[in-house]
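*Asks:* Sequence and predicted structure below; questions after.
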Amino acid sequence: MTEDSNNLTFELNAEAIRLILKSLSFHLERWPGGPDPREQEDLHKLKSLFYAAQLECQFNRSSDDLA
């Protein structure tokens with residue numbers, strides 16, 4: 001099994017991105033610790049990814065308003 005076979009592709013609208021980002025922020029703020037610090041690092045990476053996606057949605061919405 002290759003590493004790529006474990007990847008999934010999703011199509012998310014701006015509201016779904018906002019809710020996932022909100023959830024990631026919630027869990028990071030209340031991080032209880034744990035035996036594997038990589039989990040917290042992965043949550044930070046995901047939060048950054050979804051924050052960037054949210055900014056892109058806002059930018060695209062602003063661009064549409066200008067057209």
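*Replies:* Now that the structure is in, tell me what you want to look at. The shown structure was predicted, so the numbers you read here are calculated from the model rather than taken from an experiment. Numbering: from 1, shown residues only.
*Asks:* so what secondary structure elements neighbour the one helix or strand residue 19 maps to?
*Replies:* Using DSSP states H and E, the element containing residue 19 is helix 14-29. Judged by 3 or more C-beta pairs under 8 Å, 6 or more residues apart in numbering; DSSP states H and E, helix 14-29 is in contact with helix 37-66. C-beta here means a position set from N, CA and C on the backbone, and glycine is covered the same way.
*Asks:* Return the distance of the helix it packs on from the chain's centre.
*Replies:* 6 Å (C-alpha atoms, centre = their mean, to the nearest Å).
*Asks:* and stretch 28-40, what's its mean pLDDT?
*Replies:* For stretch 28-40, mean pLDDT is 91.
*Asks:* let me fix that: stretch 43-53
*Replies:* 96.
*Asks:* Next: stretch 14-24.
*Replies:* Average pLDDT, stretch 14-24: 97.
*Asks:* How about that stretch, which residues are buried there?
*Replies:* Going by neighbour count (16 or more other C-beta atoms under 10 Å), the buried part of stretch 14-24 is 17, 20-21, 24.
*Asks:* now do stretch 39-46
*Replies:* Judged by neighbour count using 16+ other C-beta under 10 Å, the buried positions of stretch 39-46 are 43, 46.
*Asks:* Residues in contact with it: which ones?
*Replies:* The contact list for stretch 39-46 (C-beta atoms under 8 Å, 6 or more residues apart in numbering) reads 24, 27-28, 31, 34.
*Asks:* Now with 10 Å, please.
*Replies:* Residues outside stretch 39-46 that contact it (C-beta atoms under 10 Å, 6 or more residues apart in numbering): 20-21, 23-25, 27-28, 31-34, 36.
*Asks:* ok, now stretch 9-19?
*Replies:* For stretch 9-19, the external contacting residues (C-beta under 10 Å, 6+ apart) are 20, 49-58, 60-61.
*Asks:* Counting neighbours, which of the residues you listed end up buried?
*Replies:* When those are checked for burial by 16+ other C-beta under 10 Å, the buried set is 20, 50, 53-54, 57.
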